[in-house]
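> build the 3D model from these lines:
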Amino acid sequence: MEEIEHTCPLPRTTLREPAIFAKETSCECRAPHEKLTIAQARCGTPVDRPVRVYADGIFDLFHAGHARALMQAKNLFPNTYLIVGVCSDDLTHRYKGFTVMTEEERYEALRHSRYVDEVVRDAPWTLSHDFLEKHKIDFVAHDDIPYSSAGSEDVYKHIKEAGMFVPTQRTEGISTSDIITRIVRDYDVYARRNLQRGYTAKELNVSYINEKKYRLQNQVDRMKERVKTVEEKSKNFVYKVEEKSHDLIQKWEEKSREFIGNFLELFGPDGAWKQMFQERSGRMIQALSPQQSPTVPPAAAPPGSARCPARPRPPGPGPSAEPRPPPHAPQHRPPKGPQSPSAA
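Residues are numbered from 1 along each chain as shown. The predicted structure is shown next:
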């Protein structure tokens with residue numbers, strides 16, 4: 001079984017290098033340039049060459065709307081070679097108006113678009129039969145809105161009648177005129193911006209008074225930014241302090257609950273401290289006043305017992321003897337004085 005060799009097609013040079021500038025013609029096909037229908041082009045025929053599509057314009061301030069139009073033109077057919085015509089400054093200023101970018105800047109902007117294969121400089125305002133034959137153009141791509149200019153209601157009318165026109169869709173919301181309108185509307189903002197970036201008042205065509213006004217406004221804006229920065233830093237500082245204070249309060253509450261619980265556990269009505277105090281006070285009372293032994297009344301005690309020994313009686317005649325006075329009773333003595341004669 002024979003092996004089939006698969007070769008990967010090389011990437012287009014326009015994806016790596018700028019598009020070429022058109023000379024007399026860039027069509028390498030030596031065969032007669034046969035006219036194609038749109039149906040044939042969409043089927044990918046002819047096989048020996050790509051379908052040559054032409055799109056023209058001013059392309060001032062090249063933006064996304066331009067890029068999307070070129071993308072649509074490039075993807076009209078399976079095998080498309082896109083040629084883009086760019087009008088010169090002289091022609092554009094005559095028929096449309098002053099441009100922001102010069103023609104050389106606009107040529108270079110188109111050369112670096114990924115969808116463009118070839119750029120035609122100083123393109124004509126109206127496409128003639130000779131121009132189409134010279135560049136061997138199969139179809140012209142543009143939006144379908146009638147483009148009135150150079151004394152014509154639609155400069156693409158004869159292209160449409162010849163069956164060579166393929167419409168593309170405009171991108172709403174963006175155009176070169178819209179961008180210029182924004183710049184004119186916000187002129188003061190952009191003038192101040194460029195003064196701040198080092199441009200001179202002469203380069204910006206700004207008067208002396210306006211220059212001083214713009215510079216003063218720039219200083220005021222810088223002061224506002226500084227104040228705003230300080231306010232933001234202050235807010236962040238206060239926020240951090242509040243966060244820390246909340247954390248401290250929460251920790252303090254947790255510790256206080258723990259402290260109160262421990263205090264109640266020690267000093268509460270049934271706390272450990274009360275029990276310990278009661279135990280210690282009982283020990284102190286026992287140490288200071290020990291418990292006395294029980295005493296027996298004298299009447300109940302038997303005579304001669306150890307606790308109540310019998311008192312010895314003095315010798316005498318017995319029960320009839322005269323009772324002795326108590327030991328502490330006072331003794332009656334005769335009064336002192338002269339003795340009677342009988343005593344003498």
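
> any stretches of the stretch 201-344 of the chain with poor pLDDT?
Residues of the stretch 201-344 of the chain that meet the criterion pLDDT under 70 lie in 266, 268, 270-274, 289-344.

> try 50 this time
340-344 (pLDDT under 50).

> all strands for it, in order.
Using DSSP state E, counting those that start in this stretch, no strands are assigned anywhere in the stretch 201-344 of the chain.

> one more: the stretch 51-200 of the chain?
51-57, 80-86, 118-121, 139-143, 165-168.

> got the contact list for the last one?
Put plainly, it is strand 165-168. With contact meaning C-beta atoms under 8 Å, 6 or more residues apart in numbering, strand 165-168 is reached by 38, 53, 55, 69, 72-73, 76, 139-144, 156, 159. All C-beta spots, glycine's among them, are computed from the backbone N, C-alpha and C.

> how does it look with 7 Å?
Contacts to strand 165-168, defined as C-beta atoms under 7 Å, 6 or more residues apart in numbering, come from residues 38, 69, 72-73, 76, 139-144, 156, 159.

> for those residues, work out which two are farthest apart.
Using C-beta to C-beta, the two most remote members of those are Ile38 and Ala69, lying 18.3 Å apart.

> tell me the domain ranges of the chain?
13-185, 187-267 (automatic domain parsing).

> so which of the strands of the stretch 51-200 of the chain is nearest Thr99?
Judged by C-beta to C-beta, the one of these that comes nearest to Thr99 is strand 80-86, at 10.9 Å.

> elements contacting that closest one?
strand 51-57, helix 64-74, helix 103-111, strand 118-121 (3 or more C-beta pairs under 7 Å, 6 or more residues apart in numbering; DSSP states H and E).

> average pLDDT across it?
Across strand 80-86, pLDDT averages out at 96.

> check stretch 33-51 too.
81.

> so how far is the helix ranked longest in the chain off the chain centroid?
Looking across the chain with DSSP state H, the single longest helix is helix 208-267. Distance of helix 208-267 from its chain centroid, counting by C-alpha atoms, centre = their mean, to the nearest Å, is 18 Å.

> what's the most buried one of the domains of the chain?
domain 13-185 (a mean of 16; mean count of other C-beta atoms under 10 Å).

> got the strands of the stretch 51-200 of the chain as a markdown table, with distance to Glu232 columns?
Listed next are those as a markdown table, based on distance: least, C-beta to C-beta, whole Å:
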| stretch | distance to Glu232 |
| --- | --- |
| strand 51-57 | 47 |
| strand 80-86 | 49 |
| strand 118-121 | 50 |
| strand 139-143 | 48 |
| strand 165-168 | 48 |
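
> out of these, which comes closest to Phe277?
strand 165-168 (101.2 Å).

> ok, that closest one: who's next to it in the sheet?
Paired neighbours of strand 165-168 in the sheet (DSSP bridges): strand 139-143 (parallel).

> with that, I have no additional questions.
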